[in-house]
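# whatever this is, show me its structure:
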Amino acid sequence: MAMTNFPQLTNAHYEKCYGAPQLPAAMVLDTDTFNEIDDQFAVVYAQKSPDSCDLRGIVAAPFTSGKTPCPAEGMRLSYQELENLFRRMEICSDKKICHGSETYLPDRHTPVRSEGVDRIIFEADRAAAEGKMLYLTGIAVATDLASVFLLRPDLVAKITVVWLGGNPVEWRDNNEYNLRQDVAAAQVLYDCGVPLIVIPCQNVADHLNTTTLELTPFLRGRNAVSDYLLEIFSDYNRLRGTMSKVIWDIATIATFRVPEAFRFDIVPSPILLDDRQWRTVAPGRHPVKIAYAVERDLVFRDLFARL
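Numbering: from 1, shown residues only. You can find the predicted model right below:
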């Protein structure tokens, strides 16, 4: 399947997308919820922030790790964990969560269709009919996100992507988990021209580190889902013999909740090579917005207030 030409967006469109969003932002969240324990925090953070996040759908994303031998099983486990979270929040999940892709992209030209991809397309069209931008927020591999634009190239003008993935362009090692699982999907994000707000893992999201000691007074006994988050965080550290854990994925939700906690650059979109290395380019490519710093205390203070 040949890649369709993507529409060229104006500088004014990018400036609007990279400015302050109209809140609450119409949002679909794409998440590999069962992979670690940080996605659970991000899902609950978004659900409990209705004044900032109009959460219209959650897609269970594929992943492969020691917990699962194939992306399809990772996606199904993530879906089950989303159901578990919504039960603990005492919210019906039937119309909220969707199954995502069962495989990664076979190449950068071929989408993988799924219930979740169709839901993203539906919500993008619905938001556009309401005069709104859909914020497609990814805290997993980019397969579902890229498939949307390969199936519907026109949606680059109706969606702003917020993606946690990859490392900074100047970082020597780009062997980051969300990026390396499906390099072709990440290449689509950087090449298709969709307004793209990136939270790199190293030097930005990795600052969102915390401990059981810090979490306990804010989460224990507050409600069923807060107790669960504290339990899985504590278990994670105990099993690994560690004292702290990065809660990476809350960074994406925090960009809507406490934008003042972040510092961004707007730069020409770098080129992602097949070996996962970056090649910077001269001005001429479309702009992307990339975070380079975060104030972790502002983020955690807001997270605790919401949980």
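# can you report phi and psi for the nearest residue to residue 28 once chain neighbours are set aside?
The shortest distance from residue 28 to any non-neighbouring residue, by CB to CB, 6 or more residues apart in numbering, is to residue 57 (4.4 Å). All C-beta atoms are positioned from the backbone trio N, CA, C, and that covers glycine. Here is the backbone geometry of residue 57 (degrees, to the nearest 10): phi -180, psi 150.
# what about residue 57, how many residues close to it?
20 (other CB atoms under 10 Å).
# ok, it touching residue 93?
No - applying CB atoms under 8 Å as the test, residue 57 and residue 93 come out as separate, 10.8 Å apart.
# in three-state terms, label the residue of the chain most remote from its centre for me.
When distances are taken from the C-alpha mean of the chain, residue 221 lies farthest, 28.6 Å away, according to CA atoms, centre = their mean. Assigned state for residue 221: coil (three-state reduction, DSSP: H, G, I helix; E, B strand; the rest coil).
# hang on, it packs against residue 230?
No - applying CB under 8 Å as the test, residue 221 and residue 230 come out as separate, 9.4 Å apart.
# can you give me the distance of the residue nearest to residue 28 to residue 244?
32 Å (CB to CB, to the nearest Å).
# equivalent analysis for residue 43, please.
Relative to residue 244, and taking CB to CB, residue 43 is found at 21 Å.
# what is the helix or strand of the chain with the lowest mean pLDDT packed up against?
In the chain, the helix or strand scored least confidently by mean pLDDT, DSSP states H and E is strand 278-279, which has a mean of 89. Under the contact criterion of 3 or more CB pairs under 8 Å, 6 or more residues apart in numbering; DSSP states H and E, strand 278-279 touches strand 271-272.
# please state the offset of stretch 240-254 from the chain centre?
Mean C-alpha position of stretch 240-254 versus that of the full chain (CA atoms, centre = their mean, to the nearest Å) differs by 14 Å.
# buried sites along that stretch?
Within stretch 240-254, the residues scored as buried using 16 or more other CB atoms under 10 Å are 245-254.
# thank you kindly, that will do.
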